[in-house]
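Peer 1: below is the sequence, then the predicted model.
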Protein chains: 2
Amino acid sequence: MDQKALFYKIVAFTAAIHRVTHELTKEAKSTKLTPLQYKILEYIAVDQPVTLSQISDCLHISMPNTSRELKKLSTFIEKTENKEDRRKQSIHLSKAGEAMMAVVFQAIETQFRKRIQTVSKEELVEIDHALDVLSDKLFY
Amino acid sequence: MDQKALFYKIVAFTAAIHRVTHELTKEAKSTKLTPLQYKILEYIAVDQPVTLSQISDCLHISMPNTSRELKKLSTFIEKTENKEDRRKQSIHLSKAGEAMMAVVFQAIETQFRKRIQTVSKEELVEIDHALDVLSDKLFY
DNA sequence: CTCATTGATTATCATTTGATAACAAAATAA
DNA sequence: TTATTTTGTTATCAAATGATAATCAATGAG
């Protein structure tokens, strides 16, 4: 296994992913979310409930800026007080946020279905396995 | 194969990749390149020679903005006239650009080697195969 | 040849994002 | 208790990025 070649393949791969996701999340643009706001909402949608500092840490956005963006997203999120530590906030999607992310995800999903139209069931299993392998061993 | 589950896995996967690449390309920050400039240079490095409109198309940056960024990158790139179509430019990395990207890639590679330290040869082959599968069938 | 199209540039403006300082409240350590 | 750390907010400034109009030269279609 030529590690150098593998490395270049990974660079090309990640670049390709960035391009494809850009393509797909363009749909999200119709929601008037900025890319950063979309990223934040996506993170909340997947990991909720989260705290502000979790968002800040994971997405590498400073706390002041995270706070600012969350304020802009106020209609899409809700903050619940954390009983154990009253400094912390439990942030999760509001009804409106859930509804909007559902629409966005639906749009992205539709795009993806187009992509896998021609893919056989066996190949889908292969893709699924490939995702697991890379998630486990490379992009954790 | 549950397509819905697969789709969510893909969303989580691409988000993970974005986070990891963010982590890795932070190294590139020491080069004083902005994220956009890095993206452009990376694209040139991988696909050179390219034209300005290719960069614009592939990275979804308007031509005026691409032109502006390329001007900022002038020390790292060279423009050669295209004999067939004199409107077009053949853009490739300059000596300085090659040198700098080599440093950046080296830094990223080092990070990646850390990640695959504990991975066996068999698993590397598996990773390589997984990259091929996803590149072919999903992120083309 | 004339006209529309393509590839690229310059200038300009608005928006988004990043960075930092100053602050406050809750929690924890001393 | 007091001091320190963690979590979050507000305000402000600078930089990066996006968007658009005007322009130009080369190309290709008619």
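Peer 2: Structure's in. What do you need? Numbering: from 1, shown residues only, chains lettered A, B, ... in the order given.
Peer 1: for stretch A:115-123, buried residues please.
Peer 2: Along stretch A:115-123, the positions that meet the burial threshold by neighbour count (16 or more other CB atoms under 10 Å in any protein chain shown) are A:116, A:123. No exception for glycine: its C-beta is placed from N, CA and C like everyone else's.
Peer 1: is any part of the worst-scoring helix or strand of chain A on mean pLDDT close to chain B?
Peer 2: Here the helix or strand of chain A ranked lowest by mean pLDDT, DSSP states H and E is helix A:3-25, holding a mean of 84. Yes - between helix A:3-25 and chain B, judged by CB under 8 Å from any CB of the partner chain, the touching residues are A:3-4, A:6-7, A:9-22.
Peer 1: can you say which of those residues are buried?
Peer 2: Buried positions within the residues of helix A:3-25 next to chain B, assessed by neighbour count (16+ other CB under 10 Å), are A:6-7, A:9-11, A:13-21.
Peer 1: could I get the least confident helix or strand of chain A in CSV with only the CA atoms?
Peer 2: The C-alpha coordinates for helix A:3-25 follow below in CSV (Å, rounded to 0.1, in the frame of the first residue of the first chain):
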residue,chain,number,x,y,z
GLN,A,3,0.8,5.7,1.6
LYS,A,4,1.7,8.7,-0.4
ALA,A,5,-0.8,7.7,-3.1
LEU,A,6,-3.4,7.0,-0.5
PHE,A,7,-2.8,10.4,1.0
TYR,A,8,-3.3,12.2,-2.3
LYS,A,9,-6.4,10.1,-2.9
ILE,A,10,-7.8,11.4,0.4
VAL,A,11,-7.0,15.0,-0.5
ALA,A,12,-8.8,14.6,-3.8
PHE,A,13,-11.7,12.8,-2.0
THR,A,14,-12.3,15.4,0.6
ALA,A,15,-12.2,18.1,-2.1
ALA,A,16,-14.8,16.2,-4.0
ILE,A,17,-17.0,15.9,-1.0
HIS,A,18,-16.8,19.6,-0.4
ARG,A,19,-17.9,20.3,-3.9
VAL,A,20,-20.7,17.8,-3.8
THR,A,21,-22.0,19.0,-0.5
HIS,A,22,-21.8,22.6,-1.7
GLU,A,23,-23.9,21.6,-4.7
LEU,A,24,-26.4,19.8,-2.5
THR,A,25,-26.7,22.5,0.2
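Peer 1: and for A:K114, the neighbour number?
Peer 2: Counted by other CB atoms under 10 Å in any protein chain shown, the residues lying close to A:K114 total 9.
Peer 1: any idea how far A:H22 is from it?
Peer 2: 16 Å (CB to CB, to the nearest Å).
Peer 1: cool, and A:L36?
Peer 2: 14 Å.
Peer 1: now A:P64
Peer 2: With the distance defined as CB to CB, A:P64 ends up 27 Å from A:H22.
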